[in-house]
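Asks: 3D model of this:
(one chain, ligands or ions: 1)
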Amino acid sequence: SVSGRIVVGGREYPVDEWMNASEPILSAVTRKLHLQSHHPISITRQLIESRFPTYRCHNDLWPIVSVAQNFDTLGFAPDHPGRSRTDTYYINKSTVLRTHTSAHQADLFRDNLSDGFLISADVYRRDAVDRNHYPVFHQMEGAMTWDKTKHGYGDSLARAIWDDVSRIPVHNVVVEDPNPTVHPERNPLQSEHHSLEEVEAVAAHLKRSLEDVVVEVFKSARSAAGCTNDEEEANEPFRIRWVEAYFPFTSPSWELEVFWQGDWLEILGCGVVKQSILNNANVSSRLGWAFGLGLERIAMLLFSIPDIRLFWSQDRRFLDQFESTHPACYKDVAFWLRSTSSSAGGGSRSNPADFHENDMMELVRDVAGDLVEDVRLVDEFVHPTTGRKSLCYRINYRSLERTLTNDEANQLHSRIRNGLAEKLGVELR
Ligand code: PHE
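Replies: Residues are numbered from 1 along each chain as shown. Okay, the predicted model is just below:
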């Protein structure tokens, strides 16, 4: 049988016959892609963190944890397949490479340093080999709890939580959420601990918070994928939906899915935290929610990265692309030039030659300054009967210093559109 000790990232562990983590896997524990500046995983993490400004971020938690932390305290059944050596990397019988960031939930609830927290970290799973799977990837966990003794119980607690719901930014995306908050068999209320009013409020806070993240993040991803103008938006509007789910450590539980290039894509899992976890962590007066999401999947969409292995590249040519890269935000503007027939009364200024591209470029600079990366002509045609000429320019809004919100880009874009009509005399389409 196997015995002895190994050193991983400067820490020593006894090994036994459960050990199944190879050297390449163990060497990943020191990489911390989510903390490398300009790495797309790190940029994605910061983009999501920016939607939770009051939450405390824990981004350097050590990846080797106990079986108790990863499975037992979270209520995984003794025969849960996730525990098997075919799915999970063991160092020894009671020590694993964490398979999810939920492994730290109970510890952070016990520490009770903040009402809301986020955890970003590398996680490890034995899995398929394809361009969407890699045995090491990154998750972000989030949780929010309220103290019942501070806010009063029942209705008064529920009102306090609804108050917090009203502070979450509103979005205008249509959300499909056909199921009741709880369902006795499929998605039960923890009725010995929570009232329906409390759980309705917690669920609303959870869902609105995560919708806000996904709507903001996917606006950037849709721009990156070239879905940029209002027409495309009308043909294929952004759709998200809540579906019922099961996790051993939450009830009720949900997944949030996004309609992406013809398929429903699962983005995150979440739910109302099992009260036994909070009680065992000595914070029985608290109740709340938790979620977990995969950063690679989101980063692949945001940065159009086709293969998950690329995140591990140490080649400067891969990493340099993101050096100055906050997400791009593309917006199109199309307009008619004035008619060529200058014969109709006086104005020789109606010659299309009057439109000089550099006037447009200067207008863009005047309005948006360095928040525009480039302006490109993407379409040009002459109307077959009227002879009028139409141009379409694509403007890429991107800051070198920070991630622009879609609202900011929209404001700049509408000022540019107004300027085109008023100062350059074109007819907007
Ligand atoms: N840990 C779960 C996973 O990896 C995600 C999750 C986190 C679900 C928190 C609910 C609450 O799939």
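Asks: Give me the neighbour count for the closest residue to the ligand within the stretch 151-300 of the chain.
Replies: Using CB to the nearest ligand atom, residue 292 is the residue of the stretch 151-300 of the chain that sits closest to the ligand, at 2.7 Å. (Each C-beta comes from the backbone N, C-alpha and C, glycine too.) When neighbours are counted by other CB atoms under 10 Å, residue 292 registers 22.
Asks: okay but it is in contact with residue 266, surely?
Replies: No: counting by CB atoms under 8 Å, residue 292 stays clear of residue 266, with 11.5 Å between them.
Asks: hang on, residue 380 packs against residue 393?
Replies: No: Residue 380 is beyond contact range of residue 393, at 9.8 Å (criterion: CB under 8 Å).
Asks: okay, the two: which has more neighbours?
Replies: More crowded of residue 380 and residue 393, by other CB under 10 Å: residue 393, with 21 against 10.
Asks: partner strands of whatever helix or strand that one lives in, parallel or antiparallel?
Replies: Counting by DSSP states H and E, the element that carries residue 393 is strand 389-397. With DSSP bridges as the test, strand 389-397 is paired with strand 329-336 (antiparallel), strand 372-382 (antiparallel).
Asks: Residue 106: what's it in contact with?
Replies: 69, 73-74, 277, 280-281 (CB atoms under 8 Å, 6 or more residues apart in numbering).
Asks: Kindly recompute the last result at 10 Å.
Replies: Residues near residue 106 by CB atoms under 10 Å, 6 or more residues apart in numbering: 68-69, 72-74, 249, 273, 277-278, 280-281, 283.
Asks: which parts of the stretch 1-150 of the chain sit against the ligand?
Replies: Contact residues (CB under 6 Å from any ligand atom) of the stretch 1-150 of the chain with the ligand: 100, 102, 141.
Asks: Could you find the closest non-adjacent residue to residue 189?
Replies: residue 182 (4.3 Å; CB to CB, 6 or more residues apart in numbering).
Asks: let me fix that: residue 97
Replies: residue 124 (3.7 Å).
Asks: What separation do you get for the one you found and residue 19?
Replies: To residue 19, residue 124 is 14 Å away according to CB to CB, to the nearest Å.
Asks: who touches both of those two?
Replies: Jointly contacting residue 124 and residue 19 under the rule CB under 10 Å, 6+ apart are residue 89.
Asks: between those two, who's got more neighbours?
Replies: residue 124 (23 against 20).
Asks: Give me the pLDDT for residue 270.
Replies: Note on residue 270: pLDDT of 98.
Asks: now swap in the one 3 residues further on and tell me
Replies: Here the pLDDT value assigned to residue 273 is 98.
Asks: orientation of the helix or strand hosting residue 198 relative to strand 389-397 in degrees?
Replies: Per DSSP H and E: residue 198 is located in helix 196-224. Helix 196-224 runs at 120 degrees relative to strand 389-397, counting by axes from the mean of the first three to the mean of the last three CA atoms, to 10 degrees.
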